[in-house]
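Participant: Quick one: sequence plus predicted model below, questions after.
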Amino acid sequence: MAPMFEIPACGDASEFRGTAFTYLMGRIAFGGTDVDALAYSRTAAKIRTDGIDHYLIRLDFTRENPEGLLFVIDLGQPIELPLAPMHCLCIFVPRDMVDGAMHGIAALHGRIVTGARGRIFADYMKVLASQASGLDNADGPAMADSMIAMMRSCLEPREGTESQTRSVLDATQLGRARRFVDAHLTSADLGPEIMAEGLAMSRASLYRLFRPLGGVARFIQQRRLQRIHDLLSSAEEHRRISEIALTYGFPDEASFSRAFRREYGYTASEARAMRGLQKVDRLAGDPEKLALSPPERMMMWGDWMNRLAE
């Protein structure tokens, strides 16, 4: 779980028991976990630094609920889950695949999905777990498409109370706003006025939408820093750091350097020196193995989670 969550120490490691499996199906990962008690959280700091921006659909089996409890985690939002055994099935889907196919799923973050539609999707996950080993690699993209269709049918929120409708609307607008920001990161004019005009909403509504994320300006800066971090971690990026910073809206190298170090705890030069190992190192951890690339080493689960967004 370390690629996506902060995992505190859980006692004597020699007593820990667990099994897990994962299948890649196109750009979707489907898997299951059955392990001893873990407590884990996805913090704001973790979200900023790992660059993983997926939805997680989980079906948890407990003694009280042997048929499973279905719930949604938006990995772009913080969440903390208590110490408990983990026996679950999981679907990891990149945000762009979900937000491009349905509306409002981010409003389900941390909530249990009930009713007939939730039970149908839970049964779908169980059948998939029992049959996935029999699929061919060529079946992956088609299975991913069918999974998105099932999510749209079973998980897309329906209009209900006024508060539920507002929550769905906010989640939909936030998804549109995030995509707008990512598409205009190099625009020197990117700000509340341009966003409000491009999204056809008032500035007051825009400010309210981004208030839980620290504000519009803060969000734009975080996304720019994340994009620059990804570029510096790429062996194919050779521009000077100052040139990249200016391209992404920072007025000068000094202000960029301060913002980058404040965000990540190390300098942009240090990020470039790692040349791609920094991000994977946080996920997988073994520097000797990380110096190699597949097929010289086995692909690690953290690599898969990064590749879903490609």
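Facilitator: Received it, and whenever you're ready, just let me know what you need. Numbering: from 1, shown residues only.
Participant: where does the chain have low pLDDT?
Facilitator: Along the chain, the parts satisfying pLDDT under 70 run over 9-14, 159-172, 275-299, 309-310.
Participant: quick one: the strands in it?
Facilitator: Secondary structure of the chain by DSSP state E: the strands cover 18-25, 28-42, 54-60, 69-74, 79-94, 112-113.
Participant: The fourth one - contacts with which helices or strands?
Facilitator: Spelled out, that is strand 69-74. Judged by 3 or more C-beta pairs under 8 Å, 6 or more residues apart in numbering; DSSP states H and E, the packing partners of strand 69-74 are strand 54-60, strand 112-113, helix 115-131. Glycine gets a C-beta too; all of them are placed from N, C-alpha and C.
Participant: Other residues contacting that strand?
Facilitator: 42, 55-60, 62, 79, 105-106, 108-114, 118, 121-122, 125, 155 (C-beta atoms under 8 Å, 6 or more residues apart in numbering).
Participant: switch the cut-off to 6 Å
Facilitator: 55-60, 79, 106, 108-109, 112-113, 118, 122 (C-beta atoms under 6 Å, 6 or more residues apart in numbering).
Participant: Make CSV from the residues you listed and add distance to residue 223 to it.
Facilitator: Listed next are those as CSV, based on distance: C-beta to C-beta, whole Å:
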residue, distance to residue 223
55, 18
56, 21
57, 25
58, 27
59, 31
60, 32
79, 20
106, 16
108, 23
109, 19
112, 30
113, 29
118, 32
122, 34
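Participant: And the residues you listed, which of them are buried?
Facilitator: With burial judged by 16 or more other C-beta atoms under 10 Å, the buried subset of the contacts of strand 69-74 is 55-60, 79, 106, 108-109, 113, 118, 122.
Participant: thinking again about what came up before, looking at the strands of the chain, which is closest to residue 301?
Facilitator: Shortest distance between residue 301 and those, using C-beta to C-beta, is found for strand 18-25: 6.3 Å.
Participant: just checking, what packs against that closest one?
Facilitator: strand 28-42, helix 140-155 (3 or more C-beta pairs under 6 Å, 6 or more residues apart in numbering; DSSP states H and E).
Participant: Select, out of these, the one closest to residue 225.
Facilitator: Of those, nearest to residue 225 by C-beta to C-beta is strand 28-42, at 18.8 Å.
Participant: Remind me what that closest one packs against, helices and strands.
Facilitator: Secondary elements touching strand 28-42 (3+ C-beta pairs under 6 Å, 6+ apart): strand 18-25, strand 79-94.
Participant: Not counting it itself, show me its contacts.
Facilitator: In contact with strand 28-42 (C-beta under 6 Å, 6+ apart) are residues 1, 5-8, 16-23, 78-93, 129, 144, 147, 304.
Participant: Now that strand: buried residues?
Facilitator: Under 16+ other C-beta under 10 Å, the buried positions of strand 28-42 are 28-33, 35, 38, 40, 42.
Participant: Now residue 226. Nearest residue, chain neighbours left out?
Facilitator: Leaving aside its chain neighbours, residue 226 sits nearest to residue 51 (5.9 Å; criterion: C-beta to C-beta, 6 or more residues apart in numbering).
Participant: Phi, psi for the one you found please.
Facilitator: phi 70, psi 10 (degrees, to the nearest 10).
Participant: Count the residues that sit near it.
Facilitator: 16 (other C-beta atoms under 10 Å).
Participant: Can you tell me how far it is from residue 25?
Facilitator: Distance, residue 51 to residue 25, using C-beta to C-beta, to the nearest Å: 22 Å.
Participant: Domain boundaries for this protein, per the record?
Facilitator: Domain assignment for the chain by automatic domain parsing gives 13-158, 164-232+234-275.
Participant: Grab the nearest non-local neighbour of residue 68.
Facilitator: Using C-beta to C-beta, 6+ apart, the closest residue to residue 68 is residue 59 (4.4 Å).
Participant: distance of that neighbour from residue 44?
Facilitator: For residue 59, the distance to residue 44 - C-beta to C-beta - is 26 Å.
Participant: ok so, going back, residue 308 is nearest to which of the domains of the chain?
Facilitator: With C-beta to C-beta as the criterion, residue 308 lies closest to domain 13-158 of the domains of the chain, at 4.9 Å.
Participant: I'd guessed the residue nearest to residue 68 sits against residue 65; true?
Facilitator: No. Counting by C-beta atoms under 6 Å, residue 59 stays clear of residue 65, with 9.9 Å between them.
Participant: show me the contacts for the most centrally placed residue in the chain.
Facilitator: Nearest to the geometric centre of the chain sits residue 53, at 2.3 Å (C-alpha atoms, centre = their mean). Residues near residue 53 by C-beta under 6 Å, 6+ apart: 76, 95.
Participant: No more questions from me, cheers.
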